[in-house]
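Visitor: this one's structure only:
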């Protein structure tokens, strides 16, 4: 962002969206004090933004705690369906879920963040909180994308910080870059509890004309994603899916 662009931004709007992003990172409700501490902002500031977002329907209050509101659902769906990759991704992900009997999806990178473009769950299991962290370094699809980005772009993203999600998160630049080199060589990224305890995932980047478009992933619990199925079977299925996906873009 140039200096002139920065001068035209509104800090209050930035704070509101920071609050929304922080709520999206959580799987449970959070109180004002904890949220303010997490974001390093005054408690009064956090309260004012939460109250405003509640009035608009973008945040929901239950007792004294807050979570994302359904007002964001329509906005997110509208943005997704306008993305040119969405229509192609949907059919391939739905087929991948059917074949693996595991949750699956496509993640894209937007402004240094991971965005779940589309995700789906097996019909015999209820949809759970399956959104990937917006931080690229701690998820399988995020790492698959980072491994294909230019070095200078990776450096920019690393400089923004590598928050620790679990004790397995790659939170130092050296450890992350070492892992990215191995992912780039193999073309497959694995996630073993790096963004959530008890969660595993496998991802393969979608690259077309030397440009990374996103990454296709399959995720699940440690109990359902282990040994040969996790390390060989599912990666092979995802690679086949990505080959078909790439040819349809």
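Guide: Arrived safely, thanks for sending. Everything numeric in this text was worked out from a predicted model, so none of it was measured.
Visitor: which stretches of this structure have low pLDDT?
Guide: Within the chain, the segments meeting pLDDT under 70 span 1-9, 125-130.
Visitor: quick check: domain ranges of it?
Guide: Using automatic domain parsing, the domains assigned to the chain come out as 3-71, 83-248.
Visitor: With respect to burial, which of the ones you listed scores highest?
Guide: Mean neighbour count, computed with mean count of other Cβ atoms under 10 Å, is highest for domain 83-248 among those, reaching a mean of 18. (C-beta placed from N, C-alpha, C; glycine too.)
Visitor: can you give me the helices in this structure?
Guide: 3-7, 11-25, 32-39, 43-56, 71-82, 86-100, 140-146, 151-159, 173-186, 227-228, 234-248 (DSSP state H).
Visitor: Turn those helices into a markdown table, including distance to residue 106.
Guide: Shown next, in a markdown table, are these (distance: least, Cβ to Cβ, whole Å):
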| stretch | distance to residue 106 |
| --- | --- |
| helix 3-7 | 30 |
| helix 11-25 | 18 |
| helix 32-39 | 29 |
| helix 43-56 | 28 |
| helix 71-82 | 10 |
| helix 86-100 | 4 |
| helix 140-146 | 8 |
| helix 151-159 | 19 |
| helix 173-186 | 17 |
| helix 227-228 | 25 |
| helix 234-248 | 8 |
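Visitor: quick one: which of those is nearest residue 131?
Guide: For residue 131, the closest of the helices of the chain is helix 11-25, at 6.9 Å, according to Cβ to Cβ.
Visitor: contacting residues around the residue positioned nearest the centre of the chain?
Guide: Geometric centre of the chain, nearest residue: residue 132, 3.3 Å, by Cα atoms, centre = their mean. Counting by Cβ atoms under 8 Å, 6 or more residues apart in numbering, residue 132 touches 105, 107, 114, 116, 139, 141-142, 195, 217.
Visitor: For the residues you listed, give me JSON lines that also has distance to residue 10.
Guide: Shown next, in JSON lines, are these (distance: Cβ to Cβ, whole Å):
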{"residue": "105", "distance to residue 10": "32"}
{"residue": "107", "distance to residue 10": "29"}
{"residue": "114", "distance to residue 10": "25"}
{"residue": "116", "distance to residue 10": "27"}
{"residue": "139", "distance to residue 10": "30"}
{"residue": "141", "distance to residue 10": "32"}
{"residue": "142", "distance to residue 10": "29"}
{"residue": "195", "distance to residue 10": "31"}
{"residue": "217", "distance to residue 10": "35"}
